[in-house]
Structure formats: structure tokens, C-alpha cells
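> What follows is a protein structure lacking sequence information:
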DNA sequence: GATGAATGAGTCTTCATTCAT
DNA sequence: AATGAATGAAGACTCATTCAT
């Protein structure tokens, strides 16, 4: 066979990752056998192993790729000149997450949970995740500083702290959506809006 | 050998769960072998299997026990007549979670992540979790209704929605503490308090 | 099952080594599959792996055990007060090697060749072999010094050098017996005796 | 593409054998993968397979070629009209072996050991080896008969037996050089010369 | 002639679970 | 009740060889 072009290799690689995501969502990371992914990808064992060193490598790639993809998807929203107020942005982020996660036949959100668990035993993955979340927090903190200029947020609280609260809400949304159920982006936004005046209440 | 008293059996069972937690925190659910737990518990294989039907059963018990323990720990706070305002309660819950999670040599928080991942492939476990979170949301919703009476929260938003937002914050805290780092209960409370005046923006 | 006695464990271990020798002699080290040894030993995979960490470990043990066994077998001959002259001792050694190597259904001599080859890629094994041969050379050198006292050997040549020549003859015998054929202990002895007078010839 | 000249083909073939020797010396016969040799030769898989039917064929060729090469190298010495006495000839042979074995970056001596081991499971190879050693023994026996005429060797011992002893010394030298260390051609010659006067003992 | 991607049978090794003692 | 040796199915990964381009 002729030498594969870089493009062909990338397409093939993505085909394997897709197969991985489908299997992982179905059975989790460890109950998924390499043979499952190989069959799902419609390739041979050797072919898959020529793209990924081993199962851990494939897992890491599947998790990392989904994170960078999501970051790409969120960037325009977070860097837009037209920044909506916090609860609205939050709803927008969560809608984007849903939108990004829904794939042909599987839901990437559920895979995030697997990633957090996996990061407990794969130090390399943990570092990748920390970098991803650090970047996300930094973007959110930038939004916070812009809200401060618009008087939408209390200036005395550190940007980072508010960003952390927002991140918590996003993460908490994902877990509820995947495990608990009974939530959607609008519910989260309304809940946050409802919470918000508690301060007004305390002040008043 | 003599029959063990019920008390002895419970102590032995807890000894195994403890060993399980330690191992799970160290290596995750699936990389932990029964032999690891058996060795960590200082028992024989047969002994462990007389307390738990199989590995899944032990995992389920370890996860469930930690959830019910936490619920027990949180109850007085949530049912207290002296209910603090939302951000303060949230901080209190998170402090209690930290307090409950810190054990001799391991951190139960990290095990929550394993549980969410596991619930994706263990339907029985998922149901247990859903029940646990449903009860937690109900307790939080009850708090919300009391806050409404005190004018601490916008009355037009459903209790459940606000409870969901609070749950998201708790869950998001746990994930950040376990995976991302850079958070503590006070940061979360301040972040939430900072978010609060966004309402002012909407009003103004 | 009750705890196995040390004696039982050793017997079982030897049973596995025996199976290994048989397989190795038949097919060489690497064409022998663990399953072959497992079947030949009449045990289960797990049982074999509870005695040897992995295939390399088993190979190393099979090779090492055969060397130490041979050393044990040769010791009385080399340390006897009644030391025969060189060619006779050499014949004795080679007879002992044959005698030791012949087992129920296989020939350890052929396994020595496998060991030399294996030592090229297993540094640990190489060190074991070097120690074994160093000890053997030392014993032979001791014989040489005794022959010198009896005037059976030229005193001007280092003990070690003569021991090296003897070792070469033993090794060369084993290779010829295993690969080339057409040799036996008596032929070797006579050949050496024939060679011996060349010096006399040169002197005369 | 154009048809390669016979000369080009031979050069290419030798290039592959050279790559094979380098790899075999490094990792042994079986731990060396075809891909290693292919990479070391700087060719494609298909190219290598157009010169050798399969791995066994390549191994056989690598081993055989080294043997015939050595035979070529030794012939003039063994057939010279000016035949030195046994110990001197032996030293000369061993020096020639060293000289022949030392290559750019590897040592063919070590590969001899691999060949002996391999001959235990490759009957075809074994026959090639037996032919090689038979021819070598015949050449040595011819030397012996000439030494007899010169009175350098005991005439009552069969030529073949003495040749066998010499072959043993050569082989034993190679193994010691490759595995044990602490030997060189001069040590072997002196050791053999030292052994020589044992005859005096027997006579006396 | 040459390439190198793809194949997939083959092997080692692990580990949850059992059950004879 | 307790033990812990034994089981053996299952799963990750390799690598000699081929053949479409």
C-alpha cells in the first residue's frame, strides 16, 4: 500500500477515537476491551496499535481530544466582545457543552466522568486535565473582570474565585446530567438566578 | 471456630470497606485487585468473600456506605432550625464534606469521582446514586423554601431549580478539589457571593 | 487448601523446572510456549506463575538450577585427595557431565547451548554464568597446582591458563556432543593424550 | 524499475546479512524482529523479503555465511606447507577467528553461540553445521597426520581423535571469549602447552 | 522492482473466584 | 469458620508476512 498522507492518518486516527468514545460511553473505560474498539472501528488490531501505543494511550487521547475539542467550541463564546451577564453566559456554556457532547450515537458528557476517575490513577492524564481546567478558569476569570467593569459582579471578590464558582456550576451540571438526571441548561440558569438575590436579601 | 457476634461481623465488614477505600483511592476501582484489598485488610480471600458476594458487590458497598455516611453527617446541618443563608450553608456543606472525607490516610472525595464513573456501567449503582442525590436535592429544596420565607431567595424560581444549582456547586467543588486543585470552601463561598450582584446588573 | 509446606513447594517447583527442561530441549527456549510447559507440568497457568514471575524468570531458573546441580555433581571429583592426571580427570569430568545431563527423557547438555545463547541477551543470566564458570576455573586451577606438585604439569605456566584450556576442552566436548556428534569421553581423553607429546616432540 | 545486476543483488544481500548480524549480536536470534533488521538495513520489508524467504531463511543464511567465511579464512593456514606445531597452530586459528569475527561494530563469535542453540530446533541448520564441522575436523585430521610424520604427536592415537580435541579447544575458546571472559589466544596456547607434560608424569 | 500499511493468529500474563482441607 | 492454593477464561499486545498501489 502506498504511504498514507498525513490527512489520511488523521482521519483514521479520528475513526479510532470515535470508536473508542462509543465503546467507552457504553461500558466505561476498563470494561471496554481493545477488541471492542477494534471491531467498532472496523480495523485490525495491528492497525489500531499503529496509531496508539497501548490502551492507556488511546484512553488518554480520547479524553484529551474531547477536552481540546470542547475548549475550541467554547472559545468564541468566552472571548466574544458581546459578553452576556453571568447566568446567561453559564447557560450558553452549558448549552454549548450539550451541543458539543451529542455525537452520532453517544454523549461525550458521560465520558468526562470517566476522565476524572481515570485521572486519579494516570498522573499524565491528571496533568493534562489540570492544564485544561486552568485555561478554562483563566478564560472565565477574564469574563469576570469584564463583568466587574460593567458593574455586574462584586468587585471586591477575586476574579479567580468567581471563576471557580462558575466552573463548579458547569462541572456540577455535567455530573447531574450524566448521573442524576432532572436538569437542563435552563434549570441551571434559573437556579443560579434564584440564588443570586440571596445577597440582595442579606443586604436588604 | 466459634460463631462471630453481629458486632464482630460489622467491625470486620468495616475493616474490609476501609481497606477497599484505601486501595480504591490509590489505584481506582478497576486497577485495584481483590488481592490488594485482601492484603490491605489483613484477611484471607475466603474471609473477604464471606462478607461480599463479589468485587462489584464490594465496590457498590464501599460507594454506598460513603454516601450514606455523608448524608448522615450533613443531615443536622440541613435540618437545623438555625438555617444560615445560601452561601454560608454551601460553605458549611463543603466543609462538612471535607471533614467527612478526610480519613486515616485517604480522601473519600476522590472516591466520589470513581463512583460517578462506575455508575455509568452498573445500573444498580446508578439507581442508588440517583436516590441519594434525589434525597439531597429534596433537603436542599426544603432549605430553599425556608430561605424564601426569609426573603433570601427569589420566590419566583422553583425550589428544585435553586437546589439543583446548589448541588452543582457542591459537586463542582468536589471535582475541582480532587482533580484541578486550587479551591477550598472559603473560595467557593466568596465566588458564589461575588456572583450574586449580577442581579443588580440585571435590575439596574 | 491447606498451606503448602516448604518441601511441597520445592517439589512443585522442581516439577515445573523438569517440565521446562523437557520442553526446552525439544524446541529451544523461545519456541517453547508457556502453555507447553504448563501442560507438560500438568498444572494450571496460575500455578506455574505462582512459582515463577514470568517466562524469563523460569528460563533463568531452569538454566541456573542445571548449572548448580552440575557443580554439585563435580565437586567431589575435583576436591578428591586422589587426583588423577589431567587427561584422566578430564575424561572423568566429561563422563560425569554425561551422567548428570541424561535425565528422564532429555539431555541437559543440549540446554547448556541454549543458556550460552540466552546469556547474550539476559545480562542477569550472564552474570550467573560468569560466576559459575569462574568457580569452575578456580577448582580446576587448584587441581593444576596439585599436578604441579606431582610434576605432572609444566610449573612455568600459570595455573589459571591451564585451567582455561581444560575448561575449553569440557565446553568443546559439550558442543560437539550436542551439535556435531562423533565424540565421547574416551575419544576426548585419547585426543588430548595424543596432543600432549607434541611438546615432547618439540623438545626432542 | 530497472532490473538489478547480479552484483548489485549480492551487495544488497550482504547489506541485509550485515544488518542481521548486528541485530542478532545485540538481541539474540528470537528477540530480533524482522522490523529491526529491516530498519537496520535501511530497506523496506518487501525488499528484504525479496532476498530471503522468511526469518528462518535469513537466520540460516546469516549463520551459514559466517561459517563459510570463517572456513575460507582458515583454509590457507590449515593447508599451508609450513605447518606449525599443534599449540602454535591452535593459537593461529584462534587469532584468525578473532580477526574474522571482529566486524564494524559487532563480534561474529557471539553469533556462533546463537547458531548452536538454533541448530537444536532447526534440523536443516544442524545439518549445515555438521557438514561445516566435519570438514573442519577433516582438515585438522590432515594436520595431525602431518604432525605424526614430523613426530610431533603420538602416532598411536587416531588422527580424528586428536582433531576432535583441537576442535574442542577452539570451540571452548569461543564460548569462554563470548560468555566467561578472561581468555585470549595466548592464554589458550600457553594453557595447552602447560598441559603437555602431563605425559611426562604418565611416563615416569 | 519497491513500498509500507494492514493483517490476525498467536502468546504471555492476570486475577476474580472457588473449595478442599 | 477460615484458609490460601489452584483454576482457567479472558484480554492486551506483537510481529512475521503479504499484497495493493
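Noted; the coordinates are in hand. All values reported here derive from a predicted model rather than from experimental measurement.
> Could I get the full set of helices for chain A?
For chain A, the helices defined by DSSP state H occupy A:6-27, A:34-41, A:45-49, A:55-79, A:86-101, A:108-119, A:123-149, A:159-175, A:185-203.
> check contacts around the residue of chain A found nearest DNA strand E.
Per Cβ to the nearest atom of the strand, residue A:46 is where chain A lies closest to DNA strand E, at 1.9 Å. Every residue, glycine included, has its C-beta placed from N, CA and C. Residues in contact with residue A:46 (Cβ atoms under 8 Å, 6 or more residues apart in numbering or on different chains): none are found.
> Quick check: it vs chain C, distance?
Residue A:46 is 21 Å from chain C, where distance means Cβ to the nearest Cβ, to the nearest Å.
> cool, residue A:102 as well?
In terms of Cβ to the nearest Cβ, residue A:102 sits 45 Å off from chain C.
> again, but for residue A:115
Applying Cβ to the nearest Cβ to residue A:115 and chain C gives a distance of 32 Å.
> so who does that residue touch?
A:63, A:66, A:67, A:125, A:129.
> Isn't the third one up against residue A:130?
Yep, that's residue A:67 we're talking about. No - Residue A:67 lies out of contact with residue A:130 (Cβ atoms under 8 Å); the separation is 11.1 Å.
> Neighbour count: those two, which is higher?
residue A:67 (21 against 15; other Cβ atoms under 10 Å in any protein chain shown).
> tell me the contacts of the closest residue to residue A:91 other than its chain neighbours?
Leaving aside its sequence neighbours, residue A:91 sits nearest to residue A:189 (Cβ to Cβ, 6 or more residues apart in numbering or on different chains; 3.8 Å). Contacts for residue A:189 (Cβ under 8 Å, 6+ apart) come out as A:87, A:88, A:90, A:91, A:94.
> Show me which helix or strand of chain A is least confident by mean pLDDT.
Least confident element among the helices and strands of chain A, by mean pLDDT, DSSP states H and E: helix A:185-203 (a mean of 75).
> how much space between residue A:20 and DNA strand F?
Distance, residue A:20 to DNA strand F, using Cβ to the nearest atom of the strand, to the nearest Å: 11 Å.
> Over to residue A:100?
27 Å.
> Quick check, pLDDT for the closest residue in space to that residue that isn't next to it in sequence.
Leaving aside its sequence neighbours, residue A:100 sits nearest to residue A:73 (Cβ to Cβ, 6+ apart; 4.6 Å). Listed pLDDT for residue A:73 reads 96.
> Can you report how many residues neighbour residue A:73?
What residue A:73 shows, counting by other Cβ under 10 Å, is a neighbour count of 15.
> Over to residue A:22?
19.
> Ok, residue A:35 next?
11.
> show me the contacts for it.
residue A:45.
> Equivalent analysis for the one 3 residues further on, please.
The contact partners of residue A:38, by Cβ under 8 Å, 6+ apart, come to A:19, A:44, A:45, A:48.
> thinking again about what came up before, could you identify which of the contacts of residue A:115 has the most neighbours?
Going by other Cβ under 10 Å, residue A:63 tops the contacts of residue A:115 with 27 neighbours.
> list the buried ones in stretch A:71-79?
A:74, A:77, A:78 (16 or more other Cβ atoms under 10 Å in any protein chain shown).
> Now do the contacts for residue A:55.
residue A:34 are the contacts of residue A:55 under Cβ under 8 Å, 6+ apart.
> for chain A, what are the low-confidence residue spans?
Applying pLDDT under 70 to chain A picks out residues A:1, A:197-204.
> got the residues of it near DNA strand F?
A:1, A:2, A:32, A:33, A:34, A:35, A:45, A:46, A:49, A:54, A:55, A:56 (Cβ under 7 Å from any atom of the strand).
> switch to 6 Å and redo it
Residues of chain A lying close to DNA strand F by Cβ under 6 Å from any atom of the strand are A:1, A:2, A:33, A:34, A:35, A:45, A:46, A:49, A:54, A:55.
> and those as CSV, adding distance to residue D:104?
Output for those, formatted as CSV (distance: Cβ to Cβ, whole Å):
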residue, distance to residue D:104
A:1, 34
A:2, 34
A:33, 46
A:34, 42
A:35, 45
A:45, 38
A:46, 34
A:49, 34
A:54, 36
A:55, 41
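> From those residues, list just the buried residues.
Applying 16+ other Cβ under 10 Å to those flags A:34, A:49, A:55 as buried.
> Go through those and say which is closest to residue D:166.
residue A:49 (52.0 Å; Cβ to Cβ).
> gap between the closest one and residue A:144?
With distances taken as Cβ to Cβ, to the nearest Å, residue A:49 is found 45 Å from residue A:144.
> Ok, residue A:179 next?
From residue A:179 to residue A:144 the distance is 29 Å (Cβ to Cβ).
> Between these two, which has more neighbouring residues?
The neighbour comparison of residue A:179 against residue A:144 (other Cβ under 10 Å) goes to residue A:144, with 25 against 21.
> what's the farthest-apart pair in the residues of chain A next to DNA strand F?
Between all members of those, the farthest pair (by Cβ to Cβ) comes out as A:2 and A:33, at 31.7 Å.
> Against residue A:144, how distant is residue A:150?
11 Å.
> can you check residue A:37 too?
Look at residue A:37 and residue A:144: by Cβ to Cβ, they are 41 Å apart.
> can you give me how far stretch A:3-17 is from the chain middle?
Relative to the centre of its chain, stretch A:3-17 is centred 23 Å away, using Cα atoms, centre = their mean, to the nearest Å.
> quick one: that stretch near DNA strand E?
Yes - against DNA strand E, stretch A:3-17 shows contacts by Cβ under 6 Å from any atom of the strand at A:3, A:4.
> For that stretch, buried residues please.
So for stretch A:3-17, counting by 16+ other Cβ under 10 Å, buried means A:12, A:13, A:15, A:16, A:17.
> Could you pull up the residues touching the residue lying closest to residue A:78 once chain neighbours are set aside?
Nearest-residue entry for residue A:78: residue A:139, 4.5 Å, with adjacent residues in sequence omitted and distances by Cβ to Cβ, 6+ apart. Counting by Cβ under 8 Å, 6+ apart, residue A:139 makes contact with A:74, A:75, A:78, A:79.
> How about the contacts made by the nearest residue to the first one once chain neighbours are set aside?
In space, and not counting its chain neighbours, residue A:74 is closest to residue A:96: 5.8 Å by Cβ to Cβ, 6+ apart. Counting by Cβ under 8 Å, 6+ apart, residue A:96 makes contact with A:73, A:74, A:77.
> and the residue nearest to residue A:191 when sequence neighbours are not counted, how many neighbours?
Setting aside the residues directly before and after it, residue A:191 is nearest to residue B:165 in space (Cβ to Cβ, 6+ apart), at 3.1 Å. Residue B:165 has 31 neighbours, counted by other Cβ under 10 Å.
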